Every structure is written in structure tokens, then in C-alpha cells.
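Undergrad: here is my input, please return the structure:
(one chain, ligands or ions: 2)
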Amino acid sequence: MNVTILSGGVGGARFTRGLRALLPDAAVTVVANTGDDLWLHGVRVCPDLDTLMYTLGGAVHEEQGWGRRDESRRTSDDLAAYGLGWEWFTLGDLDLATHLARTELLRAGLPLSQVTARLAQRWAPDVTLLPMTDDEVETHVVLADGREVHFEEWWVRHRAALPAVRFVQTNLATAVPAPGVLEAIADADVVVVPPSNPVVSVGTILAVPGVREALRTTTAPVVGVSPVVGGAPVRGMADACLTAIGVETSAAAVARHYGRRPDGVLDAWLVDDRDADAARALRSEGWTAGSANTLMTDVPTTARIAADALALVGALP
Ligand code: GDP
Ligand code: CA
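TA: Numbering: from 1, shown residues only. Ligands and ions are numbered 1, 2, ... in the order given. From the prediction side, this is the model:
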């Protein structure tokens with residue numbers, strides 16, 4: 001069985017770990033958002049790819065949700081003593097080794113997809129981890145005062161509290177899906193959109209030319225799990241991203257934003273039990289929609305959520 005997942009960082013990584021526990025024999029491909037990537041101190045940082053790699057490789061800082069466990073920040077602190085870097089964006093000492101290794105391989109001429117495969121060898125995440133594209137794409141946020149800042153600066157430094165007017169993605173219009181991305185969607189038995197940020201994670205992947213079309217035309221069912229529970233994101237500030245693009249922060253509004261195939265990208269939508277009304281409303285509009293617990297509190301619970309999502313589209317083996 002081939003499962004393809006379109007993922008941001010923490011939410012998608014946790015979901016994928018649960019799905020892996022549910023289906024240990026499935027071939028799982030994760031297409032990761034790379035719009036959050038940035039150059040810092042001369043190294044390439046790929047936050048979502050790293051969160052996936054560490055989470056699925058058993059090395060993640062569990063409570064934090066990203067970064068390495070048993071991490072220290074001596075190098076970052078020492079760089080700050082030179083007045084360099086961003087004091088609000090920490091690069092842990094161990095994490096920095098990942099960025100140095102990635103940068104060395106990129107400088108040697110390997111595309112990001114091959115670099116990612118090489119780094120993943122060490123962590124054996126038990127999934128095929130693909131960047132959405134090998135091209136350097138970055139999400140920037142246009143602020144009310146006209147300034148344009150990197151997404152991570154808006155998200156981490158300003159906690160998304162400065163109203164965003166819109167998001168722009170450098171190079172996205174000409175980006176090419178990384179090798180294997182379109183095939184993973186076309187050849188899947190089921191495609192899952194996990195609880196990830198619908199605007200800056202999944203939205204960015206969908207905007208890579210060819211991806212939306214691949215989802216519309218794949219013979220696999222496409223099922224999503226709502227990242228919005230009870231009218232709010234579970235973690236993070238996805239509501240600020242939804243507001244910026246004029247979408248209400250509700251489980252039903254996010255589903256309608258993705259849309260139903262063939263015009264949209266989904267066949268079915270799983271919401272939390274607290275949003276059972278949203279599932280009913282969507283069903284009355286012709287959607288396949290269900291409700292269940294969707295809080296990914298631990299791996300067995302998350303495996304159950306993955307099972308509920310697959311069951312909605314009849315893809316539970
Ligand atoms: P990031 O790249 O690490 O910021 O994270 P993602 O793109 O994966 O987005 C995280 C999204 O998942 C946020 O909108 C959260 O509200 C949502 N989320 C996080 N944990 C849970 C959970 O346990 N259940 C559900 N349903 N959503 C969650
Ligand atoms: Ca992210």
C-alpha cells in the first residue's frame with residue numbers, strides 16, 4: 001500500500017508517526033513544505049524537513065515538537081556575542097551539524113532532494129522524505145507598513161502578531177516539483193493532508209506548479225484532517241495566516257478553502273468531535289466528512305486518528 005502525505009512541520013510529522021504505527025508495512029512518502037527554509041550564518045535551514053526527519057527518526061525534542069532532544073545552544077550564543085544572527089531564532093549545536101552537512105552537500109552540487117535522502121540515511125525515518133521542490137522557494141510576509149519579512153521572522157520573532165497583508169513566495173511560480181513528488185501523488189493508494197498549516201505549509205506545497213493538478217487527477221482518494229479544532233488552531237498561530245488570506249478559522253472553512261475534487265483537492269475531511277456540526281454542514285453540501293478525536297496526544301491515539309481518516313475514504317486495509 002502506497003500512502004502519500006503533504007506535510008508542514010510538527011503537525012504533519014506527528015500525524016505521519018501515527019500513520020506509520022498504524023501501517024508498518026505501507027510505503028509512505030512525505031512531501032514536505034520548503035517555503036520556511038532560510039539561509040542563516042551561511043547555512044541552509046529547512047525547518048519542516050528537519051522536524052519530519054527528527055520526529056520520524058526518534059531524535060526530536062518531544063515537548064517542543066521540533067529540534068533535537070538533549071540540545072544545547074553554545075554556538076548560537078557565541079555568534080550572538082559577535083552581534084550576528086537573529087537572537088530570536090536559535091540554532092542548537094546538534095541541529096547546526098545538520099545544517100552544516102546539508103550546506104556542504106548543496107555546495108557540492110547535489111539538489112535538495114538528494115541531500116535530504118542522504119541526511120535521512122542516518123535517521124532512517126522509515127518514509128521517503130521529499131522536499132516539495134529542489135528550487136529555493138521562500139515564504140515572505142508583507143506587513144501592513146509595507147515591509148516584507150521572511151516567514152520565520154514574522155512567525156517566531158513577532159509570534160504572527162503583526163497583521164499580515166499577504167504572503168509572497170519567492171520563485172514559486174517557476175518552481176519544479178522535486179523528482180518523485182508528482183509520481184508519489186499519482187501512484188498513491190491514498191493521499192493524506194494531515195493537520196498542517198493550511199496556508200503556509202499545505203498551501204505552499206499546493207502552489208508548486210503541477211501539484212494541484214496531480215491531486216485533482218490522481219485515482220487515489222485524498223483525505224484531510226482539520227488543523228482547526230473548536231475554532232482555533234491546536235498549536236501555533238494558523239488563525240493569523242487564515243485571516244490574512246480571508247478564510248475564517250473554522251474546520252468547515254478550511255475544508256471549503258481546500259475544496260472538493262475535481263475543482264478542489266480533497267475527497268473527504270475529518271474534523272474533531274467538537275466540530276461535529278461542521279462535519280454535518282459539509283455533508284449537507286455533498287462532502288464526505290466525519291468527526292473523531294483529532295488531538296494527537298500520543299502515538300497510539302494518533303494511529304487511531306490516521307485510521308479514522310483512512311476509513312472515511314475506504315482506504316483502511
Ligand atoms: P509547523 O510547520 O511546525 O508550523 O506545523 P504544521 O504546518 O504541521 O502545522 C501545524 C498545524 O497543525 C497547526 O495549525 C495546528 O493547529 C495543527 N495541530 C497541531 N497539533 C494538532 C493536533 O494534535 N490535532 C489537530 N487536529 N491539529 C493539530
Ligand atoms: Ca513550518
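Undergrad: kindly indicate whether T75 is helix, strand or coil.
TA: Counting by DSSP: H, G, I helix; E, B strand; the rest coil, the backbone at T75 sits in helix.
Undergrad: try T204
TA: At T204 the chain is in helix, as set by three-state DSSP.
Undergrad: what's near enough to touch it?
TA: 33-35, 132, 137, 139, 169, 172 (CB atoms under 8 Å, 6 or more residues apart in numbering). No exception for glycine: its C-beta is placed from N, CA and C like everyone else's.
Undergrad: and E104, by the same measure?
TA: E104 makes no contacts at all, as judged by CB under 8 Å, 6+ apart.
Undergrad: against ligand 2, how distant is it?
TA: According to CB to the ion, to the nearest Å, E104 and ligand 2 sit 23 Å apart.
Undergrad: so which of the contacts of T204 is the most crowded?
TA: N33 (31 neighbours; other CB atoms under 10 Å).
Undergrad: list the residues that contact it.
TA: Counting by CB under 8 Å, 6+ apart, the residues that N33 touches are 7-9, 48, 132, 196, 200-202, 204-205.
Undergrad: what does T301 give?
TA: 18, 293, 295.
Undergrad: gap between the nearest residue to T288 once chain neighbours are set aside and A279?
TA: For T288, ignoring the flanking residues on the chain, the nearest one in space by CB to CB, 6 or more residues apart in numbering is A268 at 3.9 Å. Distance of A268 to A279, given as CB to CB, to the nearest Å: 10 Å.
Undergrad: quickly list what's touching both of those two.
TA: The contact lists of A268 and A279 share 289-290, where a contact means CB under 8 Å, 6+ apart.
Undergrad: pull the number of nearby residues for the residue in the chain positioned nearest to ligand 1.
TA: Distance from ligand 1 to each residue of the chain (CB to the nearest ligand atom) is smallest for G8, at 2.1 Å. Neighbours of G8 under the rule other CB under 10 Å: 30.
Undergrad: nearest residue to it in space, please, no chain neighbours.
TA: Here the residue nearest G8, using CB to CB, 6+ apart, is S201, at 2.6 Å.
Undergrad: show me what contacts that neighbour?
TA: 7-9, 11-12, 33, 35-36, 48.
Undergrad: near ligand 1, which residues of the stretch 101-250 of the chain are found?
TA: Residues of the stretch 101-250 of the chain lying close to ligand 1 by CB under 6 Å from any ligand atom are 195-197, 201, 225-227, 229, 233-236, 238.
Undergrad: measure the residue of the chain closest to ligand 1 to D93 for me?
TA: To D93, G8 is 25 Å away according to CB to CB.
Undergrad: now swap in L310 and tell me
TA: 39 Å.
Undergrad: neighbour count winner among the two?
TA: The neighbour comparison of L310 against D93 (other CB under 10 Å) goes to L310, with 24 against 14.
Undergrad: shouldn't the more buried one be within a helix?
TA: Yes - assessed with three-state DSSP, L310 lies in a helix.
Undergrad: count of neighbours near L143?
TA: With other CB under 10 Å as criterion, L143 counts 16.
Undergrad: and if you look at the one 3 residues further on?
TA: A count of nearby residues for G146, using other CB under 10 Å, gives 7.
Undergrad: what sits up against the lowest-mean-pLDDT helix or strand in the chain?
TA: In the chain, no helix or strand scores lower on mean pLDDT, DSSP states H and E than helix 74-81, which sits at a mean of 92. With CB under 8 Å, 6+ apart as the test, helix 74-81 has contacts from 41, 85, 87, 90-93, 96.
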